[in-house]
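Asker: Here's a sequence, model it:
(chains A and B)
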Amino acid sequence: MVKKSIHEINSKIRDGSVNVVTAEEMVHIVGELGAEGAAKEVDVVTTGTFGAMCSSGVWLNFGHSEPPIKMQKVFLNDVEAYTGVAAVDAFIGATQVSETLGMDYGGAHVIEDLIRGKSVNLHAISHGTDCYPRKVLDTTLTLEDMNQAIMMNPRNAYQKYNAATNGTKRTIHTYMGSLLPSYGNVTYSGAGVLSPLSNDPDYMTIGTGTRIFLGGTQGYITGAGTQHSSGGGFGTLMVQGDLKNMSPDYIRAANFTGYGTSLYIGMGVPIPILNEQMAQATAVTDADITTNILDYGIPSRDRAAVRQVTYEELRSGYVDIDGRDVPTSSMSSFKKSRIIASELKDWISRGDFFVSMPAERLPKDVSAKPMKQTEGIALVSDIMAVSVVTIDKDASVYDAAKTIMETDFNHLPVTGEDGSIVGIVTAWDISMAVSKNKFDLVADIMTRKVITASADERVAVVARRMDQDSVSAMPVINKSRHVIGIITSDDISKLYARRS
Amino acid sequence: MKIKINISSDILTKPIMAESILETGVLLNISQAHFDRSHGEVVADVERDKFEMICKSLMNKGAKVTKLDTPIRWDEDECVECSACISVCPTKVFSLDDDFSLLVDDAKCIQCGTCVDMCPHNALSLENSK
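Answerer: You can find the predicted model right below:
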């Protein structure tokens, strides 16, 4: 039985005799010496991770202006920060995007710019009060000019994360990157063998108050992260650190095409080896950590798992999906994760960083709930028009024009011999055909690639598709591709107008 | 060397590539092809000293031919070596070496731009687009 205390380990850090290894090195040490031998030999194991952590941001205190202002809305380089706390404090979140530049620039970029020493434009507005008379404020600030800049991230360092793929027929753009159609690629995130929480899955030494490496400086775990789901192996951390001491080597803004901005955070957690259980836990390998590959083409929070996979398979570059080798990409950087684990190892070996016992351990066996929705979820069948007029593909353009005038429908689904949909024709198509003086049959002028919906789809999902494909109406079809209704952007607007 | 052949909609249905190959005897190794109603686009490899010959023949038949000689640009300062680009590249320009450093073999690049959209750190760009 090996039993060490935090105090003993810190004494060894102080006198320089401490033995620190990274979680990757620990795999081999436990392999050679066994858990007991390794626990005797090794005092601290360092972990590291460097990946996109959207739930991140910074509390800033700007100091008081003359005359003073109680900020009610505040913008940093046109990115809104939350300032509903007192007068001159604001939280800039990583995923808030610029009012003027949109997804190209966001809170994450403001944070990186501040760390790089760049100045940012601060714009604030207020009602004005007797004690805070100023109503508008514009100034330019650098990180140095702020009283405090405390990074405080509500949810970081997922123990592991779902891998992503796409079963649809079009490329989709997600926070897991571009996902090619027909399971064309798989993306994943997480440091596997070096992942902080995967190296202490029972949270024996990681908890509230644990001192960590955060963004290149010392920070702290302030508790379990939001959505902490330890039950399923998806624990998260809430962390805090001083932005003024952070480095752009470990804090990087990111843009995910079609999704928006995020912040890459570098974090390392030291794990004191107090006993052989801890030695065993830190011997975890990529092969031991499994996750699911989910189909992000499914627009639902309940995405089907395509298959289970280990981090070892993901890191090999290919995973097998239905007998096909599908290429994988890591969205987090394993190289940087390694650098962080070894940097933290150096700090501890040099006596610059001491380990700590948590004031409170993280909750075990808890899970995050889905949202309770009181409004119900509207389906296409709830709002579609069922009296829909179709036209045969062999009808004349003249007939189509007449039908539109008589029925007041702007969109006519076009049907083939068996009554199934083969196209759609609109008043615009007809005007176009007439203007070119090239019109005869509906089949010649219709749009053949019809964007359709089915009755059991959720309205919000269909609305998004309408937006993406720039159409204003979609025929609703059944399994045999017969038209059973039509849903228009007007129907959707009315639904949302009614609710607000 | 890699070339891009653009075919406009009016000659889309004509077998001009086959004709040019037969006419010149120059082999084209097609690595990507995309056709829709509006245009056709083909990326192919051709031997450098045969380029002029096939280019002339294709141009005579109405195609537009461009050399793909300015491949993807990699900004190593912005890159965090995550490897996001690896799985979307159709020609395996990107790979990781044993110590997880990113390797970029830009000779394979066909300038499709897929990696430019994928890269979370704007570390990849193409001179000719965007």
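
Asker: Contact residues of chain B facing chain A?
Answerer: B:80-88, B:96, B:99-101, B:114, B:117-118, B:120-122 (C-beta under 8 Å from any C-beta of the partner chain). C-beta here means a position set from N, CA and C on the backbone, and glycine is covered the same way.

Asker: Now that we have those, which of them are buried?
Answerer: Taking 16 or more other C-beta atoms under 10 Å in any protein chain shown as the criterion, what is buried in the residues of chain B next to chain A is B:80-88, B:96, B:100, B:114, B:117-118, B:120-121.

Asker: Could you list which of these belong to strands?
Answerer: Counting by DSSP state E, the part of those found in strands is residue B:96.

Asker: State the pair within the buried ones among the residues of chain B next to chain A that is farthest apart.
Answerer: B:100 and B:117 (23.1 Å; C-beta to C-beta).

Asker: Can you give me the separation between the residue of the stretch 101-250 of chain A found nearest chain B and residue B:47?
Answerer: The stretch 101-250 of chain A approaches chain B most closely through residue A:185 (3.7 Å), counting by C-beta to the nearest C-beta. Separation of residue A:185 from residue B:47 (C-beta to C-beta, to the nearest Å): 32 Å.

Asker: Comparing those two, which shows the higher neighbour count?
Answerer: With neighbours defined as other C-beta atoms under 10 Å in any protein chain shown, residue A:185 and residue B:47 compare such that residue A:185 has more, 24 against 13.

Asker: Tell me where chain B has helices.
Answerer: B:16-24, B:51-60, B:114-118 (DSSP state H).

Asker: Residue ranges of each domain in chain B, please.
Answerer: B:2-67, B:72-126 (the TED database).

Asker: any chance you could map the helices in the stretch 401-500 of chain A?
Answerer: Ranges of helices in the stretch 401-500 of chain A, per DSSP state H, counting those that start in this stretch, are A:427-435, A:442-445, A:459-468, A:489-499.

Asker: Of those helices, which stretch is the most buried?
Answerer: With neighbours taken as mean count of other C-beta atoms under 10 Å in any protein chain shown, these reach their highest mean count in helix A:442-445, at a mean of 19.

Asker: now for the helix or strand hosting residue A:34, which elements pack on it?
Answerer: Using DSSP states H and E, residue A:34 sits in helix A:23-41. Applying 3 or more C-beta pairs under 8 Å, 6 or more residues apart in numbering or on different chains; DSSP states H and E, we find helix A:23-41 packed against strand A:44-46, helix A:276-281, helix A:334-350.

Asker: Could you give the number of residues near the closest residue to residue A:204 other than its chain neighbours?
Answerer: When the adjacent residues along the chain are set aside, residue A:204 lies closest to residue A:278, with 6.2 Å between them (C-beta to C-beta, 6 or more residues apart in numbering or on different chains). Counted with other C-beta under 10 Å, the neighbours of residue A:278 add up to 24.

Asker: for residue A:278, what are its contacts?
Answerer: A:39, A:45, A:200, A:204, A:205, A:271, A:272 (C-beta atoms under 8 Å, 6 or more residues apart in numbering or on different chains).

Asker: got any ranges where the stretch 401-500 of chain A has weak pLDDT?
Answerer: Counting by pLDDT under 70, the stretch 401-500 of chain A contains low-confidence residues at A:498-500.

Asker: who touches stretch B:44-54?
Answerer: Around stretch B:44-54, the neighbours that count as contacts under C-beta under 8 Å, 6+ apart are B:1-3, B:5, B:20-21, B:24, B:26-31, B:65, B:67.

Asker: quick check, nearest of the residues you listed to residue A:360?
Answerer: Nearest member of these to residue A:360, counting by C-beta to C-beta, is residue B:31, at 57.8 Å.

Asker: Next one, pLDDT for residue 35 please.
Answerer: This is for chain A. We have a pLDDT of 97 for residue A:35.

Asker: try again with chain B
Answerer: pLDDT at residue B:35 comes out at 84.

Asker: go on, the one 4 residues further on?
Answerer: Residue B:39 is assigned a predicted lDDT (pLDDT) of 84.

Asker: what sits against residue A:131?
Answerer: A:68, A:70.

Asker: Of the domains of chain B, flag the one that's most buried.
Answerer: Among the domains of chain B, domain B:72-126 has the highest mean neighbour count (mean count of other C-beta under 10 Å), at a mean of 18.

Asker: start to end distance for that domain?
Answerer: End-to-end distance for domain B:72-126, by C-alpha to C-alpha, to the nearest Å: 5 Å.

Asker: centroid residue for the chain?
Answerer: With no chain named, the answer covers chain A. residue A:175 (4.9 Å; C-alpha atoms, centre = their mean).

Asker: not quite, I wanted chain B
Answerer: In chain B, the centroid-proximal residue (C-alpha atoms, centre = their mean) is residue B:110; its distance is 2.2 Å.

Asker: What distance do you get for it to residue B:29?
Answerer: Using C-beta to C-beta, one gets 12 Å for the distance from residue B:110 to residue B:29.

Asker: same check, this time on residue A:161
Answerer: 40 Å.

Asker: confidence score at residue 119?
Answerer: Chain wasn't specified; assuming chain A. Looking at residue A:119, its pLDDT stands at 98.

Asker: look at chain B instead
Answerer: pLDDT at residue B:119 comes out at 97.

Asker: Hmm, it is touching residue B:83, no?
Answerer: No - Residue B:119 is beyond contact range of residue B:83, at 10.5 Å (criterion: C-beta atoms under 8 Å).

Asker: could the helices of chain B be laid out in TSV, adding distance to residue A:78?
Answerer: Below are those laid out as TSV (distance: least, C-beta to C-beta, whole Å):
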stretch	distance to residue A:78
helix B:16-24	50
helix B:51-60	48
helix B:114-118	24
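
Asker: between these, which gets nearest to residue A:336?
Answerer: Of all the helices of chain B, helix B:114-118 sits nearest to residue A:336, with 18.0 Å by C-beta to C-beta.

Asker: Show me what the closest one is packed against.
Answerer: Checking 3+ C-beta pairs under 8 Å, 6+ apart, helix B:114-118 ends up next to strand A:177-179, strand B:124-125.

Asker: per-residue confidence averaged over the first one?
Answerer: Just to be clear, that refers to strand A:177-179. 97.

Asker: Identify all contacting residues around that strand.
Answerer: Contacts of strand A:177-179 (C-beta under 8 Å, 6+ apart): A:164-166, A:171-173, A:185, A:187, A:256-257, A:296-297, A:329, A:331, B:84, B:88, B:114, B:117-118, B:120.

Asker: how about the CA coordinates for the helix or strand bottoming out on mean pLDDT in chain B, as PDB?
Answerer: None of the helices or strands of chain B scores lower by mean pLDDT, DSSP states H and E than strand B:29-35, at a mean of 86. This file holds the C-alpha atoms of strand B:29-35, laid out as PDB (Å, rounded to 0.1, in the frame of the first residue of the first chain):
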ATOM      1  CA  ASN B  29      -5.200  11.900 -65.200                       C
ATOM      2  CA  ILE B  30      -8.500  13.300 -63.900                       C
ATOM      3  CA  SER B  31      -8.600  13.700 -60.100                       C
ATOM      4  CA  GLN B  32     -11.700  15.700 -59.700                       C
ATOM      5  CA  ALA B  33     -14.700  16.500 -61.900                       C
ATOM      6  CA  HIS B  34     -17.800  18.500 -61.300                       C
ATOM      7  CA  PHE B  35     -20.600  19.100 -63.800                       C
END
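
Asker: with the buried ones among the residues of chain B next to chain A in mind, which one is nearest to residue A:453?
Answerer: Each of those was checked against residue A:453 using C-beta to C-beta; the closest is residue B:117, at 27.3 Å.

Asker: Need phi/psi at the closest residue in space to the closest one that isn't next to it in sequence.
Answerer: Once flanking residues are discounted, residue B:117 sits nearest to residue A:257: 4.4 Å by C-beta to C-beta, 6+ apart. Residue A:257 adopts backbone torsions of phi -50, psi 130, taken as degrees, to the nearest 10.
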